[in-house]
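Asks: got a structure for you, letters missing:
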């Protein structure tokens, strides 16, 4: 009886040793392979080249550097306008039933120094003002499509461009119409030849006339927190430059996403796209409303969200995307172990 029991114990121990040998020879190498695969995923650089083109509903751009050209009909602010405007060339002005012939710099419109604080600050022009903002460095540049009355009425559609910056801005405005008017209101004051013009109302009506061979040039200083209304038919927005972050809501468009040699394409219709470039780089931007409304974005990114979901794969998605390579690696590992064991 003792001999039989001893044989059973010996056989059991032999089976355990065999199982342990299988575990050591096969399971551990496979586990190590999976672990190495996971480490490759974790430490593999997560960057991609992107190119997006489409028609946006709205966009938020941070730290914009570049050029902005606008044809605007109104200048406003959600807070208060702060800055001043002066004429750069001779103008004929009618104000408070008084006619003036003013040399450059003799008309100054100041915002932020007045005594009226309970009215909306605005400048409304009967003619479009072409604003040339060259070499701008803006903390924020935002654009949003809006409809004044009805979203399907083309006459009521316009864009609102807003800019914010910690420093005072400087840019030029040109009015090509020979006759036009400005209605200005809010916390503002008007000076002609250094003398403050009194008004019984919290607004001024300025009527300008020019000679047939000249335009009106205005210099804008300050206005580092302001909104610009651009009519969809008569206005214009054009900017080119670079940014370190952008968040766009698209009406339609396409995105090319290239993290490796095998790129992907995404449809941007009714989707939001949020991009962050690599720290040492910038996103290149170009936007126009001339002929059609188009935004182009290009650059290397380290983070990107499409409708709140990351453009970069998580581990599960990466496994699925590279399943053929991973299976091939495991098969190669097993075959190598089998050959090694036979030898």
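Replies: That came through fine. Because the structure is predicted, anything quoted here is derived from the model rather than measured. Residues are numbered from 1 along each chain as shown.
Asks: and residue 113, helix, strand or coil?
Replies: Per DSSP: H, G, I helix; E, B strand; the rest coil, the secondary structure class of residue 113 is coil.
Asks: Provide a list of residues in contact with the closest residue to residue 95 other than its chain neighbours.
Replies: By the measure of C-beta to C-beta, 6 or more residues apart in numbering, the closest residue to residue 95 outside its immediate chain neighbours is residue 206, 5.4 Å from it. Quick note: C-beta positions are derived from backbone N, CA and C, even for glycine. Contacts of residue 206 were listed using C-beta atoms under 8 Å, 6 or more residues apart in numbering, and they are 93, 94, 95, 181, 182, 183, 184, 190.
Asks: Against residue 182, how distant is residue 206?
Replies: When C-beta to C-beta, to the nearest Å is applied, the distance between residue 206 and residue 182 equals 5 Å.
Asks: And residue 263, by the same measure?
Replies: Counting by C-beta to C-beta, the gap from residue 263 to residue 182 is 51 Å.
Asks: cool, residue 287 as well?
Replies: 27 Å.
Asks: quick revisit: then the residue nearest to residue 95 would be within a strand, right?
Replies: Yes. Residue 206 sits within a strand when classified using three-state DSSP.
Asks: Let the chain start at 434 from now.
Replies: In the new count, where the first residue is 434, that last one comes out as residue 639.
Asks: Could you count how many residues lie near the nearest residue to residue 546 once chain neighbours are set aside?
Replies: Once its chain neighbours are removed from consideration, residue 546 has its nearest residue in residue 622; the separation is 5.8 Å (C-beta to C-beta, 6+ apart). By the criterion of other C-beta atoms under 10 Å, residue 622 has 19 neighbours.
Asks: next one: residue 534
Replies: For residue 534, the neighbour count with other C-beta under 10 Å is 9.
Asks: is it true that it touches residue 523?
Replies: Yes. Using C-beta atoms under 8 Å as the test, residue 534 is close enough to residue 523 to be in contact (7.1 Å).
Asks: circling back: any idea which helix or strand carries the residue nearest to residue 546?
Replies: Using DSSP states H and E, the secondary-structure element containing residue 622 is strand 621-625.
Asks: Direction included, what does that strand pair against?
Replies: For strand 621-625, the paired strands and their directions (DSSP bridges) read strand 540-544 (antiparallel), strand 628-629 (antiparallel).
Asks: Work out the gap between the lengthiest strand in the chain and the centre of the chain.
Replies: Secondary structure of the chain per DSSP state E: the longest strand is strand 481-509. Averaging C-alpha coordinates over strand 481-509 and over its chain gives two centres that are 6 Å apart (C-alpha atoms, centre = their mean, to the nearest Å).
Asks: what's downstream of it, the next helix or strand?
Replies: As assigned by DSSP H and E, the chain's next helix or strand after strand 481-509 is strand 516-520.
Asks: And that following strand, what does it pack against?
Replies: strand 540-544, strand 649-655 (3 or more C-beta pairs under 8 Å, 6 or more residues apart in numbering; DSSP states H and E).
Asks: In a markdown table: the ones you listed, plus mean neighbour count.
Replies: A markdown table is the format used below for those (neighbours: other C-beta atoms under 10 Å):
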| stretch | mean neighbour count |
| --- | --- |
| strand 540-544 | 21 |
| strand 649-655 | 19 |
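Asks: ok, how many other residues are close to residue 599?
Replies: The number of residues packed near residue 599 is 9, by other C-beta under 10 Å.
Asks: just checking, it touches residue 657?
Replies: Yes. Applying C-beta under 8 Å, one finds residue 599 in contact with residue 657, separated by 7.2 Å.
Asks: How about residue 667: what's its closest non-neighbour residue?
Replies: Closest residue to residue 667 apart from its sequence neighbours, by C-beta to C-beta, 6+ apart: residue 561 at 5.8 Å.
Asks: which ones are touching that neighbour?
Replies: When contacts are counted by C-beta under 8 Å, 6+ apart, residue 561 touches 504, 505, 506, 608, 664, 667, 668.
Asks: follow-up on the earlier one: make JSON lines from the strands paired with strand 621-625 and add mean pLDDT and distance to residue 487 to it.
Replies: Formatted as JSON lines, the entries for the strands paired with strand 621-625 read as follows, by pLDDT from 0 to 100; distance: least, C-beta to C-beta, whole Å:
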{"stretch": "strand 540-544", "mean pLDDT": "94", "distance to residue 487": "36"}
{"stretch": "strand 628-629", "mean pLDDT": "92", "distance to residue 487": "50"}
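Asks: can those go into a markdown table with extra columns for distance to residue 727?
Replies: Conversion of these to a markdown table gives the following (distance: least, C-beta to C-beta, whole Å):
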| stretch | distance to residue 727 |
| --- | --- |
| strand 540-544 | 34 |
| strand 628-629 | 46 |
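Asks: just the angle between the helix or strand residue 605 falls within and strand 649-655, please?
Replies: Element membership for residue 605 (DSSP H and E) is strand 602-608. Between the direction of strand 602-608 and that of strand 649-655, the angle (axes from the mean of the first three to the mean of the last three C-alpha atoms, to 10 degrees) works out to 160 degrees.
Asks: and stretch 652-665, which residues are buried?
Replies: Applying a neighbour-count criterion of 16 or more other C-beta atoms under 10 Å, one finds 652-653, 655-665 buried in stretch 652-665.
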